[in-house]
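Participant: Please work out how this folds:
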Amino acid sequence: MVVFPNCKINLGLNITAKRPDGFHDLETIFYPVPVKDALEVLAAPSVRFESSGIPIPGDADSNLCLKAYYLLKQDFPEIAPVQIHLHKHIPIGAGLGGGSSDAAFVLKLMNDKLQLGLDTAALINYAAQLGSDCPFFILNEPCFATGRGEILEPVALDLSGYSMLLVYPGIHVNTGWAFRQLTPQAPKHSLKELVQLPVAEWRGKITNDFELPVFESYPVIGQIKERMYNSGAVHASMSGSGSAVLGIFPKGAVPELSWQEEYQVFSIR
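Facilitator: Next comes the predicted model:
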């Protein structure tokens with residue numbers, strides 16, 4: 001069976017507190033975006049993981065897709081071996097949650113394929129053990145997220161009346177470094193309220209705390225955001241801790257811009 005895990009963007013990201021467990025509390029709006037990987041899971045004589053497309057760094061045995069499989073197998077030992085093939089298209093280390101999406105889709109696919117009977121709450125619980133972004137991809141709809149990102153509340157938000165431009169400049173921003181640059185503080189206004197404003201009013205109100213330190217260290221990322229505004233975007237923002245930048249444009253008005261050859265550019269019309 002083949003599924004197509006999509007990525008997400010953060011519409012605003014506020015780091016609100018440092019937690020005793022070393023993580024941070026945050027608030028953000030997760031929004032699904034149709035830039036996708038391809039994931040196939042098949043019965044096999046032994047457990048195998050292989051990939052194509054964008055090279056995936058690290059040992060295959062540490063891939064989140066395999067971790068998702070073994071997490072389920074702890075509670076369902078009768079699960080047979082599988083072969084997992086991942087074709088990687090979502091940029092890695094871009095703040096788009098591609099690896100988290102792949103893992104969450106493994107959980108959902110195996111639950112459906114093997115009829116494990118797990119409900120949404122149970123799948124979210126498994127996903128939370130794999131990473132802070134993973135639970136979002138179980139719901140995969142616009143959500144206001146708090147805690148580490150695993151506490152989710154669906155929000156009424158539909159951007160289908162707009163077009164989007166997603167640009168990844170190939171810069172990997174170390175997430176640990178990015179968090180160390182911030183002083184957590186509660187925002188004056190919750191993103192859950194701000195996201196209900198007209199999109200044209202988001203500029204300067206819906207912000208990403210990571211942008212200031214990241215733009216200072218990697219000016220080209222800030223320049224991408226500014227170029228989007230100069231080219232007609234009604235809203236532009238870096239996603240997560242970077243370095244992908246999203247521009248939201250009037251429907252059908254994504255400009256034809258030239259970018260550096262090494263950039264990955266996705267137009268969502």
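
Participant: which ones are touching residue 225?
Facilitator: If you count contacts by C-beta atoms under 8 Å, 6 or more residues apart in numbering, residue 225 has them with 211, 215, 236-238, 245, 247. Just so you know, the C-beta spots here come from the backbone N, C-alpha and C atoms, and that holds for glycine as well.

Participant: Among those, which lie within helices?
Facilitator: With helices taken from DSSP state H, the overlap with the contacts of residue 225 comprises 211, 215.

Participant: Need the contacts of residue 225 in TSV (columns: neighbour count).
Facilitator: Converted to TSV, the contacts of residue 225 look like this (neighbours: other C-beta atoms under 10 Å):
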residue	neighbour count
211	18
215	19
236	22
237	23
238	27
245	27
247	26
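
Participant: Now do the helices in the stretch 1-150 of the chain.
Facilitator: Ranges of helices in the stretch 1-150 of the chain, per DSSP state H, counting those that start in this stretch, are 64-75, 98-113, 120-128, 134-139.

Participant: got the buried residues for the longest one?
Facilitator: Buried residues in helix 98-113, defined by neighbour count with 16 or more other C-beta atoms under 10 Å: 98-111.

Participant: Specify the angle between that helix and helix 120-128 in degrees.
Facilitator: Interaxial angle of helix 98-113 relative to helix 120-128 (axes from the mean of the first three to the mean of the last three C-alpha atoms, to 10 degrees): 140 degrees.

Participant: From the contact counts, what lies against helix 98-113?
Facilitator: For helix 98-113, the packing partners by 3 or more C-beta pairs under 8 Å, 6 or more residues apart in numbering; DSSP states H and E come out as strand 2-3, strand 6-18, strand 38-43, helix 64-75, strand 82-88, helix 120-128, helix 134-139.

Participant: Quick check: mean pLDDT of that helix?
Facilitator: What helix 98-113 shows for mean pLDDT is 97.

Participant: before we move on, the earlier item: so which of the contacts of residue 225 are in strands?
Facilitator: Counting by DSSP state E, those place 236-238, 245, 247 in strands.

Participant: How much space separates residue 168 from residue 189?
Facilitator: From residue 168 over to residue 189 the distance is 29 Å, taken as C-beta to C-beta, to the nearest Å.

Participant: So the two - more neighbours on which side?
Facilitator: residue 168 (26 against 11; other C-beta atoms under 10 Å).

Participant: Beta-bridge partners for that one, please?
Facilitator: residue 264 (DSSP bridges).

Participant: can you list the buried residues of helix 98-113 in a markdown table and add distance to residue 222?
Facilitator: Below are the buried residues of helix 98-113 laid out as a markdown table (distance: C-beta to C-beta, whole Å):
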| residue | distance to residue 222 |
| --- | --- |
| 98 | 23 |
| 99 | 25 |
| 100 | 25 |
| 101 | 26 |
| 102 | 29 |
| 103 | 31 |
| 104 | 31 |
| 105 | 33 |
| 106 | 35 |
| 107 | 36 |
| 108 | 36 |
| 109 | 38 |
| 110 | 41 |
| 111 | 41 |
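
Participant: and which of these is nearest to residue 22?
Facilitator: Closest approach between the buried residues of helix 98-113 and residue 22, by C-beta to C-beta: residue 100, at 19.1 Å.

Participant: measure that closest one to residue 251 for me?
Facilitator: Counting by C-beta to C-beta, the gap from residue 100 to residue 251 is 29 Å.

Participant: that older thread, could you dump the helices of the stretch 1-150 of the chain into a markdown table with distance to residue 149 added?
Facilitator: Converted to a markdown table, those look like this (distance: least, C-beta to C-beta, whole Å):
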| stretch | distance to residue 149 |
| --- | --- |
| helix 64-75 | 15 |
| helix 98-113 | 9 |
| helix 120-128 | 9 |
| helix 134-139 | 7 |
